[in-house]
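In: Structure of the sequence below:
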Amino acid sequence: MAQAENQRLMRVGIIGLGVASTVLLPEVASHPNVRITAGADPRTVARERFAAEFGAETHAAAEDLCKSPNVDAVYILTPNRLHAQHALAAIEHGKQVLADKPMALTLEDCDAIVAAAERRGVRVLVGHTQSLDPAILKMADIIHSGRLGRPLMVNTWFYSDWFYRPRDRHELDSSQGEGLVMRQGPIQVDIARMLAGGVTRSVRASTTAIDPSRPIEGSYTAFLEFENGASATLIYSGYAHFDSTELTGNIGLRGRKQSLSTHLNSRRQIEGFARRDDEYAHKEATRYGSLRANSGGLLSGEGERYHAYFGITLVNCERGDLRQTPEGIKLYTDDAQTAIAVPAGTAYERRYTSWELDAMYGAWSQDRPLTLHNAAWGRGTTEVCLGILASSLEHRDVALTRQTPFGGFGML
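Out: Model (predicted):
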């Protein structure tokens, strides 16, 4: 897809050249209206490869990248504990921000980001990725059109091997904002909020941490109540037993066929490390610029493309139900069951993050605000995730106060 004539390029800097960047960099590089112009990471090997691959400037410190006059927007892919620090640095230097989830680890930091963005007049998009899959967007469009009456229930379940994937030292430390709820919860919460209306009134939840050798939570069950009367149940287990792709035609969260043996393989890999330091070293070797680093081949566009499946999502409305399918969605009403095809995308649109880039580029190039996955929306999703953790710890309903309604599709 060629760049449209007379459209300016958005120059993007990447902060954090870890494992996530090996997936994201090919997507950003293939976007027709985006150019990678800078990268920041403390590892010399990552900076050297980045400079050679993209012909871009590099920095050891994120703050130095944020000062660069050659950057319009930054993509933050650093560990959770650094998201707020790096977002605020980018905002203070007038950069647009695409931030990995979670937005921050405290509501105070979320408030600071929202206030700074408003003061500086920049956009902050919090990337929850799978909630911007075209099939999920189509479900939200149908629901909020009123065609099926008001939404009543959203039920979403995901079972994966997340807990037993190789981790670095900090990723097994819940005090650093790691664990299932803050790493994966924002995506599932975001999907539920989009489909149910956005304004979550309260959350009641329970988490589990059953493996002493990996002291982070590996599953959660949450019940959300919404201001409009809708409710949602969110279930996620990362313990590598049942695999929810068994019920989704073996389609995984990246929209591709995958083997049902993945879970067992993950457990065996962890058990095969003689020492915990061996696991840390393995994870280190998968970061950008390292020997085992993936160069984006998982998302190279080869093979058949399906919709990104973040588990199973079913929505009940007054006059019908909806669920996601590999080809789009299926609508259930009194009169019929109707399959609705939703294109998964072609060319660069096959990529995993192009929806986020499209949203930010559209708002930036047309000088308009983001209306959905903006800073206030990201704060609302983070508040629910923090509520899940607090509710499980304190065994009570947690009231929420920083919610914002679903903003429609003006950003897309």
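
In: And the pLDDT at residue 264?
Out: For residue 264, the pLDDT comes out at 60.

In: Then residue 167?
Out: Residue 167 is given a pLDDT of 89.

In: residue contacts, the residue nearest to it when sequence neighbours are not counted?
Out: Spatially, and ignoring its direct neighbours in sequence, residue 167 is nearest to residue 283 (6.0 Å; CB to CB, 6 or more residues apart in numbering). The way it works is simple: take the backbone N, C-alpha and C, and place the C-beta from them, glycine included. The contact partners of residue 283, by CB atoms under 8 Å, 6 or more residues apart in numbering, come to 19, 166, 167, 168, 171.

In: Report the secondary structure state of the nearest residue to the last one once chain neighbours are set aside.
Out: Meaning residue 171. The shortest distance from residue 171 to any non-neighbouring residue, by CB to CB, 6+ apart, is to residue 178 (4.9 Å). Look at residue 178: counting by DSSP: H, G, I helix; E, B strand; the rest coil, its state is coil.

In: still on that earlier bit, rebuild the contacts of residue 283 as JSON lines, extending it with distance to residue 65, secondary structure and neighbour count.
Out: Below are the contacts of residue 283 laid out as JSON lines (distance: CB to CB, whole Å; DSSP: H, G, I helix; E, B strand; the rest coil; neighbours: other CB atoms under 10 Å):
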{"residue": "19", "distance to residue 65": "19", "secondary structure": "helix", "neighbour count": "21"}
{"residue": "166", "distance to residue 65": "28", "secondary structure": "coil", "neighbour count": "19"}
{"residue": "167", "distance to residue 65": "26", "secondary structure": "coil", "neighbour count": "19"}
{"residue": "168", "distance to residue 65": "22", "secondary structure": "coil", "neighbour count": "19"}
{"residue": "171", "distance to residue 65": "24", "secondary structure": "helix", "neighbour count": "19"}
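
In: how near is the most centrally placed residue in the chain to residue 98?
Out: Residue closest to the average C-alpha location in the chain (CA atoms, centre = their mean): residue 128, at 2.8 Å. The spacing between residue 128 and residue 98, counted by CB to CB, to the nearest Å, is 11 Å.

In: Secondary structure element for residue 364, which one?
Out: helix 354-365 (DSSP states H and E).

In: got it, and residue 225?
Out: Per DSSP H and E: strand 219-226 holds residue 225.

In: mind showing which ranges of the stretch 51-200 of the chain have poor pLDDT?
Out: Applying pLDDT under 70 to the stretch 51-200 of the chain flags no residue at all.

In: Where do the helices of it begin and end?
Out: 62-66, 83-92, 107-120, 134-144, 180-183, 185-196 (DSSP state H, counting those that start in this stretch).

In: now those helices as a markdown table including distance to residue 274 and mean neighbour count?
Out: Output for the helices of the stretch 51-200 of the chain, formatted as a markdown table (distance: least, CB to CB, whole Å; neighbours: other CB atoms under 10 Å):
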| stretch | distance to residue 274 | mean neighbour count |
| --- | --- | --- |
| helix 62-66 | 35 | 21 |
| helix 83-92 | 33 | 24 |
| helix 107-120 | 39 | 17 |
| helix 134-144 | 42 | 21 |
| helix 180-183 | 26 | 24 |
| helix 185-196 | 32 | 27 |
